[in-house]
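*Asks:* Here's my sequence, what's the structure:
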Amino acid sequence: MQVGLITYLVHGFLNNFLDKDKASIPFWAFVAAITVMDYYHNKKQLNPSTERA
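*Replies:* Residues are numbered from 1 along each chain as shown. Model (predicted):
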């Protein structure tokens, strides 16, 4: 999954795909969602005592 994201970032940077509103808004929304989910799951794994039984 990360390879696909990196490929899209490089391609978008080189071809200025992210300058168009139709492509940039969904892309950055998905990047934000992936980042939040990764942060949430990593934080949950580091602090297992915070989970409710």
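*Asks:* Now the lengthiest helix in the chain: buried residues?
*Replies:* With DSSP state H setting the assignment, residue counts place helix 21-46 as the longest helix in the chain. Buried residues in helix 21-46, defined by neighbour count with 16 or more other Cβ atoms under 10 Å: residue 27. Using the backbone N, CA and C atoms, a C-beta is placed for each residue, glycine as well.
*Asks:* so where's this structure uncertain?
*Replies:* Across the chain, residues meeting the criterion (pLDDT under 70) sit at 1, 14, 17-20, 44-53.
*Asks:* follow-up on the earlier one: for the longest helix of the chain, packing partners?
*Replies:* Packing partners of helix 21-46 (3 or more Cβ pairs under 8 Å, 6 or more residues apart in numbering; DSSP states H and E): helix 2-15.
*Asks:* can I have the helix it packs on written out in CSV, keeping just the CAs?
*Replies:* Extracted in CSV, the C-alpha atoms of helix 2-15 (Å, rounded to 0.1, in the frame of the first residue of the first chain):
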residue,chain,number,x,y,z
GLN,A,2,2.8,2.4,0.8
VAL,A,3,4.5,1.7,-2.6
GLY,A,4,1.3,2.8,-4.4
LEU,A,5,1.0,5.9,-2.3
ILE,A,6,4.7,6.8,-2.9
THR,A,7,4.3,6.2,-6.6
TYR,A,8,1.2,8.4,-6.8
LEU,A,9,3.0,11.2,-4.9
VAL,A,10,6.1,11.1,-7.2
HIS,A,11,3.9,11.0,-10.3
GLY,A,12,1.7,13.8,-9.0
PHE,A,13,4.7,15.9,-8.1
LEU,A,14,6.3,15.4,-11.5
ASN,A,15,3.1,16.0,-13.5
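*Asks:* gap between the two ends of stretch 5-24?
*Replies:* End-to-end distance for stretch 5-24: 13 Å, by Cα to Cα, to the nearest Å.
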